[in-house]
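Visitor: Give the three-dimensional model of this entry:
(chains A and B)
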Amino acid sequence: MRPDAEEKLREIFRAVLELRPEEIPDGIRNLTEPRWNSLAHVTLLAAIESEFSLSLSIEEMDRVTSFAAARLLLEEKGS
Amino acid sequence: MSTAGFEVRVTHEDALRFADLSGDHNPLHTDPAYAAGTTFGRPILHGAFSAALFSRLAGMHLPGRECLLHGMRLRFVAPVHPPATLRVTGTLRNATPDGGEVTVTIDDAQTGVRCVEGSYQFGYHHAVQVGDAPAPETTAAFPDTPVVLVTGASGGLGAALLRLLGPSGMAWSRDGEAMAPLPDRPVAGIVHCGWPKPDNQRLTQLAASTREAVHHHVAAPLMQMILLAEILAKHGLPGAPLILVGSTMADPGWHHYRMPLYSLAKSLIPPPDPHPRPGVGRRGTQVPWPDPRHHRGTRHERRHPSGHPAKTRRPLPLRTPDHHQRGRRSDSLAAGQPLALHLRGRGQSLRGHGAMNFLEAKRILATPLDDLPARPLLLGGSGMLDGLVPFLRAQAAVRNIRLVLETLPFGALIQSLVTLPTLPDRPELFLLLPWDLIPECDWRTGNSALVDEEALLAEADRRLRLVASRPMARIAWLPAPMPPLLPNHSASVALTGELLKKIARQGALLLEARDFSLAGYLASGQPVAGSRLGTLAGELLEWLAAPPAGSIKAIVTDLDHTLWRGVVGEDGPAGVSAAPEAASYRFFLFQSLLKRLKRQGLLLAAVTRNDEDLSRAPFKTGRMPLSEEDFVTFRAGYGAKSAQIRHLATTLNLGLDAFLFVDDNPVELAEVAANLPQVVTLQFPGDEEVFSHFLDRVARLASRHALTAEDGERTVLYHRMLADQPPPQAGEGPLTAFLRGLAMVLTIREPQAGARARAHQLINKTNQFNLNGIRLAEEEMEAILAGGGRLFVATLEDRTGSHGEILACLVEKSGRVRSLVISCRVLQRRVEYVFLACLIERWQGAPLVLDFLATERNAPLRLFLEDPAFAAGAEGVRLDASAFREAHAEDVSLFTIRDLP
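Guide: Alright, predicted model coming up:
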């Protein structure tokens, strides 16, 4: 994954989950992150689609369960 | 001008309390015995007491709740002897979007004696956008009333519940890790809207993180419920219940639609209170929406400082079926057309603020927006539209608007249509999908029943009427594909068309099929494709701000590069083209449309910087779809086009808001938009990509329901009317301020040998602003320079971009100006005056004499020479250098002048 794309993804996580400045998105997972609620999930997916100009299938959407998973998915999709 | 006031009874006891409060126990105010020995005879009221009455007037009346008092000035004209009844009266003066000044008088209500005169200045404070926290005063106002705690009140059911409960409800939530403090009130019950729904299947699949998953899905929610039970045990009234309601928190991606009870509850959510108490269950704050009629054309207005809600909430007439036919836009505004979203750059580009991605939107929203005028908007639709909200707000911010959005709860569209009140100052935007009209075709429900086509269409009509009957509603149609519903497949396909037909007749904005995402809709109910959110938000706002269909009666059009390809002053009447071929096609199509619009009663007028005869010449060639007679008038002139249009409006006796102005030049458009904000402006597209949108917009503005015989004759009637009018006097108009805003930079240099090709080309190619039309061979030019002459060229840049090298001037050593040419595209910017003033400064030699010759086409130059500083003589045009520089000092001040070697 290109470094700028990865940084964009971090920014998206920071913005959507309203992370504090010192928090690093890389270890975030939806199971353990209380701020990752259903609305945040929908926002996150829309933000990824918007930022990277792509459409995700439901299966792909379901895979976005952590920062690492989102990163991997974007990498597979060529970002 | 607004006036407000009140009467107040002031007693001696009040004066004593004020003395206690302020610590000013001066006996003149408090001790009757002491006061008796003074010239006043009786105690007089503290002067600061009157100041407090000023404060009351400001904080409660003028401007009321959002007031921020900046300062006050008081003069005590006569003493106030309590007891007395005082009449406090304030009059608003100098109201601006950011505040205002109020002059105040305090009179004795019985005697009429004026006691205090003065004034105060105010600005506004802003209520903070509130999610779920209740206003503290709500709790404080009812110290002993039992309270119902509601968790999960940031949206959906919890928020709706809070609205219903009013002061008896209180949002209660985790604030980060800590819990919010409990109220000092007995708890009558707890409604827990965060009831989790563990997904057992997922739990067992997550082998590595089972512990975390169990904590997140099971343990943490149970702990919450134990905590709630403890609260009940400690603070609850006897028998106070803990009620668990369904959840959106359960599992990302698994939304309401598998939870029928939850969905049912959602559909029963009552509409939001149109007059909410601050802070309770509202997304955003309500700001009075100014009467649009007072606000067209200014960008920064904010609200009526009068603060009389009754004034802004007067009932408005419903939209009548023939509203498209109404002539004056001001009429349709009165009928509640939601046009008051007045956006910067309206109409100047078709896709001005097109794509915007998520992070860009976030960045825009992270900047302070408080100084922007707030505009409410209700966003409705049955899909989950939350994803669109930040993009709408960001796109609005780009257009200098702070959008205050209210959204309908998921799945609550139809009942909201019935119960939601219409507010005259709040536009409504309904983003509709096919299943909003035909519920059976909702992809999320599936449909296995046999359906009756007639019944489906009747239901669609009924639902569409519900939307269309709302006077503030505008519809945008998201043409999502429909699942095959009918036994006959062709009929199923045709059903899509039937819906489209119905919706188009409502004047809806038709979006594109790619704006819809089936995956997003199935997974989370969000119908708009994520990658399209930014663009779509921009289009929706542009469309909301657009004037209503049919509001235009006259089209004023530029000629060169708008009605035909080419510049008639340069290429000649035979050199311009609007033929149905290649790059001329756009012009052919625009002329063809205008011809049709003229037949349906629209008036056409041409404004141009060419002279009139030259402008008319291409129509005499017989190669144009339009003919001279199709225009009511040709306006040729050198001044601002806004001045031409203003004059035209007066002579044709039409309101300025009945005019559409089309030009290819963004500077002309901006000039007209700045000076005549009522006029709708559209840029003629430079390529084919957005051309169909452009034609569609023109046709929409000129839309007519039915034609009469008179419509076709209208141009002839106006011809007769204009024949009796005196010739137009095109004034300059307030162009200077606009030009200053352009921040023009003129760079003058003298090109070296080898870099003079563009200058040579300009001299030999330019026709209109050309001193004498004499072509110069390159050798001739070089010879003049070798003999001590100088060649000047200039480039121009401004806010709209660079215009490149636009000027060439060749001066002999003797001071004789042999050539002076300026590209006609930049003439309206006063470059010619500024350059000559600069030349005078830079030319240290013999006095300048202009080698002028009149040609067929150099009318602009002849106009230029009408400046009183020029004097024609036998040997050329002499120039009074100091008079010229003095007369054009202001023009020079519009430019930043740079010299390059």
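
Visitor: and the gap between the residue lying closest to residue B:81 once chain neighbours are set aside and chain A?
Guide: Nearest residue to residue B:81, sequence neighbours excluded (C-beta to C-beta, 6 or more residues apart in numbering or on different chains): residue B:42, at 4.8 Å. Bear in mind the C-beta positions are built from the backbone N, C-alpha and C, glycine included. Between residue B:42 and chain A the distance is 63 Å, computed by C-beta to the nearest C-beta, to the nearest Å.

Visitor: pLDDT wise, what is residue B:42 at?
Guide: Confidence at residue B:42, expressed as pLDDT, is 90.

Visitor: and if you look at residue B:316?
Guide: So residue B:316 comes in at 28 (pLDDT).

Visitor: Ok, the one 10 residues further on next?
Guide: Looking at residue B:326, its pLDDT stands at 31.

Visitor: remind me, longest strand of chain B?
Guide: Ordering each strand of chain B by length in residues (DSSP state E) puts strand B:84-96 first.

Visitor: Just the closest residue of chain A to chain B, please.
Guide: residue A:49 (2.4 Å; C-beta to the nearest C-beta).

Visitor: correct me, but that residue touches residue A:57?
Guide: No - the pair residue A:49 / residue A:57 is not scored as a contact, 11.2 Å apart, by C-beta atoms under 8 Å.

Visitor: Can you give me the neighbour number for residue B:225?
Guide: Per other C-beta atoms under 10 Å in any protein chain shown, the neighbour tally for residue B:225 reads 17.

Visitor: how many neighbours does the closest residue to chain A within chain B have?
Guide: Using C-beta to the nearest C-beta, residue B:530 is the residue of chain B that sits closest to chain A, at 2.4 Å. Neighbourhood size, residue B:530 [other C-beta under 10 Å]: 29.

Visitor: any idea how far it is from residue B:717?
Guide: Going from residue B:530 to residue B:717 by C-beta to C-beta, to the nearest Å gives 54 Å.

Visitor: State the pLDDT value of the residue in chain A sticking out farthest from the centre.
Guide: What lies farthest from the middle of chain A is residue A:22; by C-alpha atoms, centre = their mean that is 17.8 Å. If you check residue A:22, the pLDDT there is 90.

Visitor: Show me which positions of stretch B:65-81 end up buried.
Guide: For stretch B:65-81, a neighbour-count test (16 or more other C-beta atoms under 10 Å in any protein chain shown) marks B:66, B:67, B:72, B:74, B:79, B:80, B:81 as buried.

Visitor: got the contact list for it?
Guide: The contact list for stretch B:65-81, computed with C-beta atoms under 8 Å, 6 or more residues apart in numbering or on different chains, reads B:10, B:40, B:42-45, B:47, B:49-51, B:54-55, B:58-59, B:86, B:99, B:106, B:108, B:113-127, B:303, B:307.

Visitor: which of those count as buried?
Guide: The buried subset of these (16+ other C-beta under 10 Å) comprises B:10, B:43-45, B:49-51, B:54, B:58-59, B:86, B:99, B:106, B:108, B:115-116, B:118-122, B:124, B:303, B:307.

Visitor: Which of the residues you listed fall within strands?
Guide: Short answer: these in strands (DSSP E) are B:10, B:86, B:99, B:106, B:108, B:115-116, B:118-122, B:124.

Visitor: Of all pairs in those residues, which one spans the longest distance?
Guide: Checked with C-beta to C-beta, these reach their widest spread between B:108 and B:124, with 32.5 Å between them.

Visitor: before we move on, back to that, any chance of the ones in strands among the buried ones among the contacts of stretch B:65-81 in TSV, with distance to chain A and pLDDT too?
Guide: TSV is the format used below for those (distance: C-beta to the nearest C-beta, whole Å; pLDDT from 0 to 100):
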residue	distance to chain A	pLDDT
B:10	52	92
B:86	51	93
B:99	33	84
B:106	50	94
B:108	58	92
B:115	55	93
B:116	51	94
B:118	47	94
B:119	45	93
B:120	40	92
B:121	38	91
B:122	35	89
B:124	28	82
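
Visitor: nearest to residue B:570, of those residues?
Guide: residue B:99 (52.1 Å).

Visitor: Run through the residues that contact that closest one.
Guide: Residue B:99 neighbours (C-beta under 8 Å, 6+ apart): B:68, B:70, B:121, B:122, B:123, B:124, B:305.

Visitor: Look up the residues forming beta bridges with the fifth one.
Guide: Translated: residue B:123. residue B:68 (DSSP bridges).

Visitor: Just the pLDDT for it.
Guide: Reported pLDDT for residue B:123: 85.

Visitor: just checking, it touches residue B:98?
Guide: Yes - between residue B:123 and residue B:98 there is a contact at 5.8 Å, judged by C-beta under 8 Å.
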